[in-house]
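> need a structure here:
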Amino acid sequence: MDSQDKTPRIVSIELTPVVIPFQEIVREAMSKSGGLGMAIPAEEAWTGIDCAICKMVDEAGNVGLGESYVWWPETGTSPNQIIEVIRQALARYVLGESPFNVERICRRMDNNVARSEAAKGLLDIACYDLMGKVRGVPACEIMGGKAADIPMAALIPLMDADGMVFLAKMFIDQGHSTLRLKLGHGIAEDAAILRAMRKEFGKQVRIRVDYNQAYSPQEAIKAIQAIEPYDIDVAEQPVAAADFVGMAYVQQRVKTPLMAHEGCFSLNDIVTLAELGGIGVVGINTERPGGITAALKAMDFATQHNMGIIIHNQSAGISSATLIHLAAARHAALGHAIELFGYVMLEDDLITGAIDYSGGIARVPSGAGWGVTLDEAALDKYSTGGTVKLTLP
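The predicted structure is shown next:
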């Protein structure tokens, strides 16, 4: 993507931390399983999302948007920390550059700042929106793709089997044909949930499951084998996030392809897990493996290694639009419905207008870049601190 043409240089970066609460109905549903709706062993209730919003402006006045969603139990960082990393270290590798030099920007960020994928990715994402704005084309075209209708999966939080079937029916009636079920309260309970799902829906829906690190490797093998008769597409993060060897141990003993999430933050993590034989599907969102440039490389790696790809997140509108464009850019290679559930879960998505998710299908927003506009009033409402503005010296 490096370019030597005379495109406008990036002259300012504006960064704002926000917290967006979940809708009341979502909080009520998750409270039935302890406030999280999943088996992850976090002690604090999950009541909304924290994210950093980026506005990147070039010298012609074009504005590129980025959003990075983080959560302490998984990402291990906060919006304010992301902003501080950019302020102290990363902004100098972006300001004064053309957004079309995004590969060089990423190399310089990687060479000078270890890890911090969420912060690097936030800047990278805004570069792609800015490129689309400069060229006047959708961002998916910048990535080498074109607009397409993207089938979506529905997220079903962990609760009793009857409650999960009830929610699943609601989403299936709306047009979804893939479900992602949260599991992990016990092998027998997991199997009962899958049995109830197949009894109610037969083979008309595809099902993937997410354990959120619930089991030891030995337990995970038993848990996955117990539900394999119910035809499972993917089993996500059955063991502890850092246990790459455990993931490989499980994958070698079950038929269902595994996907890492909580333990997979960088392109190197994905390659390592694949080389160990620990995954059969690559999971992608905006903060993992950190922005669009790394995500495209990860998706191409997955394709080269005959692995499926799942794009998923519970983020607000900018990130959701980003991931829809990303899915469109590599649509033929995915093999799995994408899952974007922020529009269902969140009180506000921080964009004006609405992305079309009707009938269980995500449509690529029309317009240049991500095709969405930041709702400045909503940004002010949900901001948890002042906007940090960084400018070209």
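> Identify the bridge partners of residue 391.
Residues in a beta bridge with residue 391, per DSSP bridges, are residue 12.
> pretty sure it contacts residue 95?
Yes - using CB atoms under 8 Å, residue 391 is in contact with residue 95, at 7.3 Å. (Glycine included, C-beta is placed from N, CA and C.)
> In contact with residue 106, which residues?
Counting by CB atoms under 8 Å, 6 or more residues apart in numbering, residue 106 touches 120, 124, 291, 293, 294.
> Just the closest of those residues to residue 20, please.
Nearest to residue 20 out of those is residue 291 (CB to CB; 20.9 Å).
> Now do the same contact list for that closest one.
Here residue 291 is in contact with 106, 117, 120, 121, 122, 123, 124, 125 (criterion: CB under 8 Å, 6+ apart).
> repeat for residue 177
151, 204, 205, 206, 337, 360.
> Ok, residue 207 next?
Taking CB under 8 Å, 6+ apart, one finds 178, 179, 180, 181, 194, 197, 230, 231, 232, 233 in contact with residue 207.
> Could you rerun that using 6 Å?
179, 232 (CB atoms under 6 Å, 6 or more residues apart in numbering).
> quick revisit: out of residue 391 and residue 95, which sits in the busier spot?
A side-by-side neighbour count of residue 391 and residue 95, using other CB atoms under 10 Å, places residue 95 first with 17 against 11.
> helix, strand or coil for that one?
coil (DSSP: H, G, I helix; E, B strand; the rest coil).
> from what I can see it touches residue 392, true?
Yes - Residue 95 is within contact range of residue 392, at 4.6 Å (criterion: CB atoms under 6 Å).
> All the helices of the stretch 201-350 of the chain, in order from the start?
217-227, 244-251, 267-276, 291-304, 317-329, 342-345 (DSSP state H, counting those that start in this stretch).
> How about the helix or strand hosting residue 170, which residues are buried there?
Counting by DSSP states H and E, the element that carries residue 170 is helix 161-173. By neighbour count on 16 or more other CB atoms under 10 Å, the buried set for helix 161-173 is 161, 163, 164, 165, 167, 168, 171, 172.
> same deal with stretch 108-120?
Neighbour-count burial for stretch 108-120, counted by 16+ other CB under 10 Å, picks out 108, 109, 110, 113, 116, 117, 118, 119, 120.
> tell me the domain ranges of the protein?
As given by automatic domain parsing, the domain ranges for the chain are 10-136+375-391, 149-374.
> got the residue ranges for the strands in the stretch 51-200 of the chain?
Along the stretch 51-200 of the chain, counting by DSSP state E, counting those that start in this stretch, strands occupy 63-70, 149-151, 153-156, 178-182.
> Residues in contact with the last one: which ones?
Around strand 178-182, the neighbours that count as contacts under CB under 6 Å, 6+ apart are 38, 153-158, 168, 205-210, 337, 339.
> do the shortest one as well
Taking contacts as CB under 6 Å, 6+ apart, the residues outside strand 149-151 that touch it are 324, 327, 337, 338, 361, 362.
> Work out the gap between stretch 202-215 and the centre of the chain.
In terms of CA atoms, centre = their mean, to the nearest Å, the centre of stretch 202-215 is found 18 Å from the chain centre.
> do the same with stretch 213-229
Distance, centroid of stretch 213-229 to centroid of chain: 24 Å (CA atoms, centre = their mean).
> give the contact list for the spatially most central residue of the chain.
When CA atoms, centre = their mean is applied to the chain, the residue found nearest the centroid is residue 285 (2.6 Å). Neighbour list for residue 285: residue 313 [criterion: CB under 6 Å, 6+ apart].
> Now residue 79. Nearest residue, chain neighbours left out?
residue 17 (3.5 Å; CB to CB, 6 or more residues apart in numbering).
> partner residues bridging the one you found?
Here residue 17, judged by DSSP bridges, has bridge partners residue 52.
> Hmm, residue 82 and it touching each other?
No - applying CB under 6 Å, one finds residue 17 not in contact with residue 82, separated by 8.0 Å.
> which residues are in contact with both of the two?
Applying CB under 6 Å, 6+ apart, one finds that residue 17 and residue 82 are jointly contacted by residue 52.
> Of the two, which one has the most company?
When neighbours are counted by other CB under 10 Å, residue 82 comes out ahead of the other of residue 17 and residue 82, with 28 against 22.
> how many degrees apart are the top helix by length along the chain and helix 317-329 in direction?
Using DSSP state H to define each element, the chain has its longest helix at helix 117-135. Here helix 117-135 runs at an angle of 70 degrees relative to helix 317-329 (axes from the mean of the first three to the mean of the last three CA atoms, to 10 degrees).
> Looking at the contacts of residue 177, which are in strands?
151, 206 (DSSP state E).
> Please name whichever of the contacts of residue 177 scores lowest on pLDDT.
Least confident of those in the model: residue 204, at 92.
> mind checking how far the helix or strand bottoming out on mean pLDDT in the chain is from the chain centre?
Least confident helix or strand of the chain, by mean pLDDT, DSSP states H and E, is helix 24-31 with a mean of 81. Chain-centre distance of helix 24-31: 21 Å, with CA atoms, centre = their mean.
> begin at 3 from here
Let's use 3 as the start, then, which means that last one is helix 26-33.
> Any chance you could list what contacts it?
Contacts of helix 26-33 (CB under 6 Å, 6+ apart): 39, 159, 347.
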